[in-house]
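Enquirer: Below are the sequence and a predicted model; questions follow.
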Amino acid sequence: MSDILLLCVTMICQANQGVTSKAVCLVEDGELVAGLAELSVGNPAAERLVSVLRRVTGPDLSAGRAGVTLCVGRAAAEQAGVDLESFGLGEEGYVILADTSKVVIAGLNDRSTDYAVSTFLERCAGVRWYWPGELGTVIPKRSAIAVPAGQVVERPAFWIRWVGNDAEWAKRNKLNVVANENVGLRFKWFVHTWLNLVPATKYAEEHPKYYALIDGKRKEPSQHMEGGLARPPLAHSTHAEAGLRPCQTDRSVRDCLSARDQLRVARRGVLRGRQVALEPRGGR
């Protein structure tokens with residue numbers, strides 16, 4: 001199990017690295033030799049980077065203006081002459097680029113830039129987020145922060161990345177979905193969605209046997225659904241409606257589950273970049 005979790009948390013990117021042996025310093029012997037680009041000031045990812053690095057080394061990078069320029073976010077990167085579109089990053093890819101005059105940490109949007117900051121903190125400052133909360137956060141003390149010269153371009157290898165249910169911890173580890181909270185992934189339907197394909201308002205009156213018996217009784221559709229569909233996903237309901245199941249042994253139900261009109265709805269969701277889940281509820 002631990003191997004699976006490690007795979008989920010760490011092996012989530014495809015990388016294209018062009019890093020040389022030289023390094024670009026941001027902090028050296030506890031002293032600033034870099035400053036934050038003006039267009040990065042106020043950027044949430046930049047503020048997080050500065051805050052964590054202050055705990056690592058002491059100096060405040062937002063106060064520096066001489067030497068190497070630290071460009072966090074798309075606007076600062078493009079002002080520095082870096083064409084982020086040319087890297088083919090997509091929505092969640094990012095680049096970390098360093099040369100003698102600048103260090104760029106950016107993606108095409110706020111979320112991917114946040115991922116880039118997490119990667120920078122991991123690789124250049126030794127920061128880790130092993131589990132949610134301060135106890136699981138490791139921020140070592142260092143007198144120097146250096147970035148290998150060259151560029152690192154990374155894109156997620158997995159479209160759906162989900163471990164645990166803490167949104168902030170998930171974002172730090174570049175995961176994009178947690179229970180009950182969307183941190184990047186768009187959904188057409190979420191889990192336990194078969195009732196969307198066999199809605200009670202459409203079939204229950206004429207075909208009551210489409211739905212399974214619960215404790216020997218078949219409840220009224222109104223006890224199981226709202227607006228003809230299952231309750232919103234992950235509502236953690238303890239009511240009897242959670243027990244409504246399409247009867248999987250009924251051939252007609254299987255035909256409904258594969259109905260072309262319903263699957264076209266699902267397909268349109270996929271084509272628009274959203275996850276579409278087709279699965280029954282758990283339990284009995």
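Expert: Structure's in. What do you need?
Enquirer: Helices of the stretch 101-250 of the chain, residue ranges please.
Expert: 110-125, 167-172, 194-197, 200-203 (DSSP state H, counting those that start in this stretch).
Enquirer: okay, the last one in PDB with CA atoms only?
Expert: Output in PDB follows, covering the C-alpha atoms of helix 200-203 (Å, rounded to 0.1, in the frame of the first residue of the first chain):
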ATOM      1  CA  ALA A 200     -36.200   7.400 -11.500                       C
ATOM      2  CA  THR A 201     -38.500  10.100 -12.800                       C
ATOM      3  CA  LYS A 202     -38.200   8.500 -16.300                       C
ATOM      4  CA  TYR A 203     -38.500   4.800 -15.500                       C
END
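Enquirer: Point out the other helices and strands that the helix or strand just after it packs with.
Expert: Heading C-terminal from helix 200-203, the first helix or strand you meet, by DSSP states H and E, is helix 251-257. Packing partners of helix 251-257 (3 or more C-beta pairs under 8 Å, 6 or more residues apart in numbering; DSSP states H and E): helix 194-197. Heads up, the C-betas are built off the backbone N, CA and C, glycines and all.
Enquirer: helices and strands around the helix it packs on, which ones?
Expert: helix 251-257.
Enquirer: who touches the helix it packs on?
Expert: 194, 197-198, 203, 207, 210, 246-248, 262, 278 (C-beta atoms under 8 Å, 6 or more residues apart in numbering).
Enquirer: Closest one of the residues you listed to residue 108?
Expert: residue 278 (30.5 Å; C-beta to C-beta).
Enquirer: separation between residue 141 and residue 68?
Expert: When C-beta to C-beta, to the nearest Å is the yardstick, residue 141 and residue 68 sit 22 Å from each other.
Enquirer: What of residue 42?
Expert: To residue 68, residue 42 is 20 Å away according to C-beta to C-beta.
Enquirer: the more surrounded of these two?
Expert: residue 68 (20 against 10; other C-beta atoms under 10 Å).
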